[in-house]
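Trainee: sequence first, predicted model second:
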There are 2 protein chains.
Amino acid sequence: MMNETVSIAKALSDKARLRAIMALSGGELCVCQIVGLLGLAPSTVSRHLGVLHQAGLISSRKDGRWVYFRLAGPDASPPARKALRWVREALAGDSSVTKDLLSLKRITGVSKEELCRTQAKK
Amino acid sequence: MMNETVSIAKALSDKARLRAIMALSGGELCVCQIVGLLGLAPSTVSRHLGVLHQAGLISSRKDGRWVYFRLAGPDASPPARKALRWVREALAGDSSVTKDLLSLKRITGVSKEELCRTQAKK
DNA sequence: ACTATAATTCGCCAAATAACGAATTGTCAA
DNA sequence: TTGACAATTCGTTATTTGGCGAATTATAGT
């Protein structure tokens, strides 16, 4: 319980990971979309998502080439659920989160394929 | 807001600091009592408390030679208050916390002077 | 089959962090 | 005033962490 709480807090103690959580509040996203949002290397984003997953804060679903992540639901542990509630309350209305939501609108508007190709070219 | 949340999460992402927070749930404690509880060097404990203080999770009061820390009250920022609520909910009933509460009973039973002398001898 | 691409893993480097002891500061009591 | 002690600050060291690119795996399309 203590160890779980520590690992959850560790998972939440990074700006990129908090931004990812807030982005996922709007529904599931594939890795390449989160890469586009955060502007980090795919390998880095994958690692971040791995940390969040390990802490039980998000879950994933594979569909073809893509892996979709979403916030952990009712199946998550109580500490994880409460942590998510805290973060979403604490960051509701945050300016960088708001900016991210706008970026997301653009990103999800573009087709996944096109987005990922764009990312690859960079 | 984002930065505050990150620093709060960072402050919570250490076992010793979580134990300190849970110990302070029972009321204020002086540094030497927390040193006795955690079994860490005074300089280390001071640093931990500094991190928690910086994050707005605890506040301090100086009384003579001693500095007492307590959980941040209603004056604390909403994110800090909510974070404290999360931690206390997540760790309620945790075994190491329960153990610490027993240790605390013993520690607060001993006079402060005697405790600190005992620690100094180590 | 072959190529392209989404995602992960791995190895590396730089920066941040936790721990300690030593030195310092401030306060009380002989 | 001198000594004892609570607490903090500072310097050092070992570990962890975040970032990237290269290599790898898996899947879809040609």
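Mentor: On my side now, so go ahead.

Trainee: report the central residue of chain A.
Mentor: Most central in chain A under CA atoms, centre = their mean is residue A:20, positioned 3.0 Å from the mean C-alpha point.

Trainee: list the contacts of the nearest residue to that one once chain neighbours are set aside.
Mentor: Spatially, and ignoring its direct neighbours in sequence, residue A:20 is nearest to residue A:34 (5.7 Å; CB to CB, 6 or more residues apart in numbering or on different chains). For glycine as for every other residue, the C-beta is placed from the backbone atoms N, C-alpha and C. Applying CB atoms under 8 Å, 6 or more residues apart in numbering or on different chains, one finds that residue A:34 lies in contact with A:20, A:23, A:45, A:49, A:69.

Trainee: so who does the third one touch?
Mentor: I take that to be residue A:45. A:16, A:20, A:31, A:34-35, A:38.

Trainee: which members of those residues additionally contact DNA strand D?
Mentor: residue A:16 (CB under 7 Å from any atom of the strand).

Trainee: nearest to chain B among the contacts of residue A:45?
Mentor: residue A:16 (9.9 Å; CB to the nearest CB).

Trainee: hmm, who's touching the helix or strand harbouring residue A:18?
Mentor: Element membership for residue A:18, per DSSP states H and E: helix A:15-24. By CB under 8 Å, 6+ apart, the residues outside helix A:15-24 that reach it are A:11-12, A:29, A:34, A:37-38, A:40, A:44-45, A:48-49, A:51-52, A:57-58, A:69-71, A:84, A:87-88, A:91, A:94, A:96-97, A:100-101, A:104, B:2-3, B:5-6, B:9.

Trainee: from DNA strand C, how far out is the residue nearest to the centre of chain A?
Mentor: Residue A:20 sits 12 Å away from DNA strand C when distances are taken as CB to the nearest atom of the strand, to the nearest Å.

Trainee: again with residue A:101
Mentor: For residue A:101, the distance to DNA strand C - CB to the nearest atom of the strand - is 20 Å.

Trainee: close to chain B, is the strand or helix carrying that residue?
Mentor: Assessed by DSSP H and E, residue A:101 sits inside helix A:95-109. Yes: residues of helix A:95-109 are located near chain B by CB under 8 Å from any CB of the partner chain, namely A:95-97.

Trainee: what of stretch A:70-77?
Mentor: No: applying CB under 8 Å from any CB, one finds stretch A:70-77 separated from chain B by no less than 9.4 Å.

Trainee: same question for that stretch, mean pLDDT?
Mentor: Averaged across stretch A:70-77, pLDDT comes to 95.

Trainee: for that stretch, which outside residues touch it?
Mentor: Residues outside stretch A:70-77 that contact it (CB under 8 Å, 6+ apart) are A:4, A:21, A:24-25, A:27-29, A:56-61, A:80-81, A:84.

Trainee: change it to 7 Å
Mentor: Here stretch A:70-77 makes contact (CB atoms under 7 Å, 6 or more residues apart in numbering or on different chains) with A:4, A:21, A:24-25, A:28, A:56-59, A:80, A:84.
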